[in-house]
Structures are given as structure tokens and as C-alpha cells.
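Participant: Fold the following.
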Amino acid sequence: MTTCDAVVVGGGPNGLVAAAALGDAGWDVVLVEAQDEVGGAVRSAEVTAPGFVSDLFSAFYPLAAASPVIRDLDLGAHGLRWARSPDVVGHAFPDGRAAVLHASADDTAAAFEADAPGDGDAWLRMVAGWDRVRDPLLDALFTPLPAARPAARLLRRAGVSGTLDLARLALLSVRRLGAEEFDGEGPRALLSGNAMHSDVPPDGAGSALFGWLLVMLGQDVGFPVPVGGAGALASALRRRGEASGVQVRCGTPVSAVEVSGGRARGVRLADGTRIRARRAVLADVPATTLYTDLVGPSHLPPRLLADLARFDWDDSTLKLNWALDAPVPWRNPALASSGTVHLGVDDDGLVDVAADLSVGRMPERPFVLLGQMATADPTRAPEGAETAWAYTHLPRRFADDAEAVDTQVRRVEAAVEQVAPGFGSTVRARFVQRPDDLETADANLSRGALNGGTAALHQQLVMRPTRGLGRPETPLPGLFLASASAHPGGGVHGACGWNAAVAALGQQGVLGPARRALARTAWARVLREV
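Facilitator: Reported below is the predicted structural model:
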């Protein structure tokens, strides 16, 4: 039996960040990962044709580029290099028009102004507002609750009026935000399309924050990609942890969190091996997996189990990967320089797609997110060629319906062909990842869900993953939730892992007993039976 200070279960970006943070604090850390390589949903491989590097899950990383957590790890010293496409993101309308978020805010504003007078100034006002609140806002978003210090800094920076505007933004629909700020369809489609990266519908409360945040990050840091493939980011995170003494074990599934004396004491591996943790177990796995499968109901309060039964997943995902002999033949050449392109529907059509997903109906006109990887990073494909991918969301009930998924594959390719005539003739090879393929490759992606649970307001803040503290501590002492199921949720920003590590460290030392007692008391109140 191995003994260490902490076991980290799961080698996705959150688990890797958590392990590095604990290693930096001098803890003896063992990270165990079920797959044969680390990364979780941050991996890449040549799956289509030799010389074409595909990102198997996530691909563009504005949150990672802006995250203070990732930035402070200094991954450049461990081999990570970022690349960016000339333009950030575009929206291809079915009728051949296009809207583009350029790298320069002035260029973006000029394009919007040419389409609808006044929209250029409105865009620059929005960017100026972002610049004013950027740093304290990101700190507040990524900090465990209650985020008192960053919230105070945000209030000082934005003032009372600006803070109220942000509060309204957090409750607003992205459709309403676009209508209030812009006359042209271009900026409205870019806001709504980026909001659709989450599962909150564009006319749903809270979607404005997601659309605004991603678009502003795109205008600020771009949508960067790791040179050589997404796996380069995971490899840099692994090297960063190992540099602080973290021991990484891949191909090592965990079958249980071991509990004794009412506390998490370590883990049992699938082969029967045990790893004892003197101080903490941190789990970069979905909340449902942690509580139901690894811990087990006998160690958990009945109210938590009842709440967990209502856990709401985000939608399933279907992903297509292509090796192309030539760049995508866009009907509108303005899209050729964007690393990410949204297509399939216009701004109104996004509402229809979201409605279909909400009622469990397969969208006949899917909303498609497409990546042109060699446009951002030329190392991803042979010269003159392109590595492309696209994904779309499906209702979860269709995740294992092979016929329905195959139909949607054809619809996605037809949507691309509509805005890029001749696309099919450029395809050298194709690799399809169905929802069950995604889950097989990364068990955190339940039926192809990307964000560890819905991003809707009813499962955010103190309601994530169930009603609780909005923090990584769990009702079981010594056990911390470090995955995207915890606040602040999905995206490659590392905050969920970092917060779990900070919480574990905080329960040691002089103030450790008081913090542990406070957490027990808070959980007892939250989970008290009525």
C-alpha cells in the first residue's frame, strides 16, 4: 500500500492543476488517471490521416489564456506555446453573409459600423466596459464562494452603477443583450453563437453572461490553441506537476474512495491496490460518479443523495474530424482567417435549435461549431492542407441512437457544404466521435456532455453541483470535488482544481480545525431534513 499526503483522482486539467498546487505546497501527491495518458478532454492525436493533428475534445482556449490560475503556473517554462488565428471567430449565415470578430477591436467595430451605423461605437463601448472590470471580474468568477475580496475589488472598479449593470447582465438573455446594444445581425449572432457554447438557450436567463464573456475574451486574448495540439497543454501541466514532485500514474482506474471514521482516507484501485492519503482526496470526476460510484450512499447524508438525483447534465455532443486536402472553400472569403466558425443557422435559428434541445427533439437544422486548426497553428496539417473539426449538440436521449446520430452526421456535413460549397471534395479522411465514443475516451463526458452539468442558473453558484456551499468541500471530511461539476463549472481554466487544492491546504495548519468545523456546520445546516 502506498501512502501519501493527497491522492488526486483524474488527470484532466483540473486534476493536474490541483496536483501541481499541492506539490508546490510541499505535499506528497499521487495523481491517478484511468486513461493511458493525462489530459481528460484536453488531448490530441492523428486520427484522420498521417500528418493531420486533431484535437479530440476541446480545441480553443480563451479561458485558459485569461485564467489567473493557468497564467501563474508559468507553463511556458514547461514547453507550452500558444498560437492564434488571424481572426478570432466568425459566423457564417446560411445566405452567404458573414460576421467576423477580428483580432483588433477597431477592425471589428469598423466592420459592424459598415453594416449598421452606430454598432461600431456600441462595440467599442462594450469593449471599454470589459477592460474596466476584466481582472476583478475574472478573479470573482474563479474564486470559491463567498468571493468577498474580488467582489470588493470589482465594486471599487465598476462602482455601484457598473456593478448593478453586471448583475443585470448575469440575469439577462443574450438575445435581449444583443437587441439592446446592436441594430445589425452580425454582433448579435456572434454574442448568441458564443452563448451556445454552454447549454443555456439564447433566450434564457443568464445566457448573456456566457456570450458576452466569451466574445470579450476573444476580443481580448483571442481563441488561442497550443502549438502542436491540445495535448501539448496537458503535457505541460503534467511536467509542471512533476517538477513539484507529483507522481503521475496513468492506466490506473479508481474503484472506490476509502472511508473510515467518517472521513475519506484514500482510494482503492481497480486492481485492488490501495493508496492511503494522510490529508486529502481530491476528485476530478463528475459529482454523480464521485458520490454514487466511488463513495457510495452509505457514507453520505440522505438529503445529498436526494438532491443528487436531480442533478442536471448538459446536452450530448457529436464531433466530426476531417483531414482536408485544401483550406475550407468558404462561400464568403471573410471566414478564411477565423480559427472558429459558427454555422448552420442565423440568430433567430439559434432559438429554434435551443428549443429542439430543450424538448428532446433532434434539430433538423443543427447549430455547428467548426474549427480550422491549421489556420491557427500551421503545425496541425501538411502545407496547403487543413485539419478541421465540427461539433453539434444533441438531446441526451439520442446519445445511443445510432440511426439518429448518423442522420445528424449527414446534417452537419450538409450545413458545412451550404456555406462552403465543394467542402466534401476536399475531405481526404473523416473520423467521427459519437457521444458514447467521447464518454469511452473520457468518463467525465457523460453521453458526450462537455461541461460537467448544466450551466443554467438553477445549477450554478451555491447550487452547483447540488445545493451546498458553492465550494469544493464535500459533506465527507477529507474529500474535495475538483471537477467541472464544482463551481465555477466547465471550461479549461483550472479554477475547479485550484480551488479544491486551496481548500485542502486551508484545512491544515493553525486554522485548520476551525475551518473543518465551519465546513461541517455549514453542510449540516444545508442538508438538514425539513
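
Participant: Quick check: Asp347 vs Val341, distance?
Facilitator: In this structure, Asp347 and Val341 are 15 Å apart, going by C-beta to C-beta, to the nearest Å. From N, CA and C alone the C-beta is placed, and that goes for glycine too.

Participant: who's more crowded, these two?
Facilitator: Val341 (28 against 23; other C-beta atoms under 10 Å).

Participant: Got phi/psi on the more buried one?
Facilitator: When read as degrees, to the nearest 10, the backbone of Val341 gives phi -130, psi 130.

Participant: Now for it: which residues touch it?
Facilitator: 89-92, 328, 335, 369-372 (C-beta atoms under 8 Å, 6 or more residues apart in numbering).

Participant: Quick check: nearest residue in space to Asn194, chain neighbours excluded?
Facilitator: Nearest residue to Asn194 in three dimensions, chain neighbours excluded: Leu214, at 3.9 Å (C-beta to C-beta, 6 or more residues apart in numbering).

Participant: who touches the host helix or strand of that neighbour?
Facilitator: In this assignment (DSSP states H and E), Leu214 forms part of helix 207-221. By C-beta under 8 Å, 6+ apart, the residues outside helix 207-221 that reach it are 62-63, 65-66, 88-89, 101, 105, 108, 126-127, 130-131, 134, 169-177, 190-195, 197-198, 200-202, 455.

Participant: Also stretch 103-110?
Facilitator: Residues outside stretch 103-110 that contact it (C-beta under 8 Å, 6+ apart): 84, 86-88, 100-102, 119-121, 123-124, 127, 219, 222.

Participant: which of those are buried?
Facilitator: 84, 87-88, 100-102, 119-120, 123-124, 127, 219, 222 (16 or more other C-beta atoms under 10 Å).

Participant: Would you map the helices across the stretch 101-250 of the chain?
Facilitator: 105-115, 119-142, 148-171, 174-181, 185-195, 207-221, 231-243 (DSSP state H, counting those that start in this stretch).

Participant: how far away is Ala147 from Asn499?
Facilitator: 10 Å.

Participant: who's more crowded, the two?
Facilitator: Legend: neighbour count by other C-beta under 10 Å for Ala147 and Asn499, higher for Asn499 (29 against 20).

Participant: Pretty sure that one sits against Pro472.
Facilitator: Yes: Asn499 lies in contact with Pro472 (C-beta atoms under 8 Å); the separation is 5.0 Å.

Participant: quick one: average pLDDT of stretch 263-278?
Facilitator: Mean pLDDT, stretch 263-278: 97.

Participant: Same question for stretch 60-75.
Facilitator: Per-residue scores along stretch 60-75 average to 96.

Participant: what's the domain layout of this protein?
Facilitator: Here the domain parsing of the chain from automatic domain parsing is 2-43+230-312+448-526, 104-218.

Participant: what distance separates the last one from the centre of its chain?
Facilitator: If I follow you right, that is domain 104-218. 18 Å (C-alpha atoms, centre = their mean, to the nearest Å).

Participant: what about that domain, average pLDDT?
Facilitator: Rounded mean pLDDT across domain 104-218 is 95.

Participant: Show the end-to-end separation of that domain, please.
Facilitator: Distance between the two ends of domain 104-218: 10 Å, counting by C-alpha to C-alpha, to the nearest Å.

Participant: Check the first one too.
Facilitator: The separation between the terminal residues of domain 2-43+230-312+448-526, taken as C-alpha to C-alpha, is 35 Å.

Participant: out of the contacts of stretch 103-110, what pair is the most spread apart?
Facilitator: Arg84 and Asp121 (26.1 Å; C-beta to C-beta).

Participant: Look at Arg71 and say how many residues are nearby.
Facilitator: For Arg71, using other C-beta under 10 Å, the count is 13.

Participant: Okay, buried residues for the helix or strand encompassing it please.
Facilitator: Element membership for Arg71, per DSSP H and E: helix 68-72. Residues of helix 68-72 classed as buried: 68-70 (neighbour count, 16+ other C-beta under 10 Å).

Participant: Show me what the helix or strand just after that helix is in contact with.
Facilitator: With elements assigned by DSSP H and E, the helix or strand that comes after helix 68-72 is strand 82-83. Here strand 82-83 makes contact (C-beta under 8 Å, 6+ apart) with 65, 224-227, 376-377.

Participant: Name the member of those residues that has the highest neighbour count.
Facilitator: Val225 (30 neighbours).

Participant: didn't that residue look like it was pressed against Ala59?
Facilitator: Yes: proximity of Val225 to Ala59 meets the contact threshold set by C-beta under 8 Å, at 6.4 Å.

Participant: so what sits against both of those two?
Facilitator: What both Val225 and Ala59 touch, as defined by C-beta under 8 Å, 6+ apart, is the set Met373.

Participant: Could you save the buried ones among the contacts of stretch 103-110 as a markdown table and add columns showing distance to Thr288?
Facilitator: Shown next, in a markdown table, are those (distance: C-beta to C-beta, whole Å):
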| residue | distance to Thr288 |
| --- | --- |
| Arg84 | 36 |
| Asp87 | 39 |
| Val88 | 35 |
| Val100 | 40 |
| Leu101 | 36 |
| His102 | 41 |
| Asp119 | 44 |
| Gly120 | 46 |
| Trp123 | 41 |
| Leu124 | 44 |
| Val127 | 39 |
| Gln219 | 36 |
| Gly222 | 34 |
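
Participant: Give me the neighbour count for the closest residue to Arg97 other than its chain neighbours.
Facilitator: Distance criterion C-beta to C-beta, 6+ apart; nearest residue to Arg97, sequence neighbours excluded, is Asn332 at 6.8 Å. Residues lying near Asn332 (other C-beta under 10 Å) number 17.

Participant: if we can go back for a sec, touching the helix holding Arg71 from outside, list them.
Facilitator: 17, 64, 138-139, 142, 492-495, 498.

Participant: rerun at 6 Å
Facilitator: 64, 494-495, 498 (C-beta atoms under 6 Å, 6 or more residues apart in numbering).

Participant: Could you do stretch 512-530 as well?
Facilitator: 301, 303-304, 468-469, 473, 475, 506-507.

Participant: lowest confidence element among the helices and strands of this protein?
Facilitator: Sorted by mean pLDDT, DSSP states H and E, the helices and strands of the chain end with helix 512-526, the least confident at a mean of 79.
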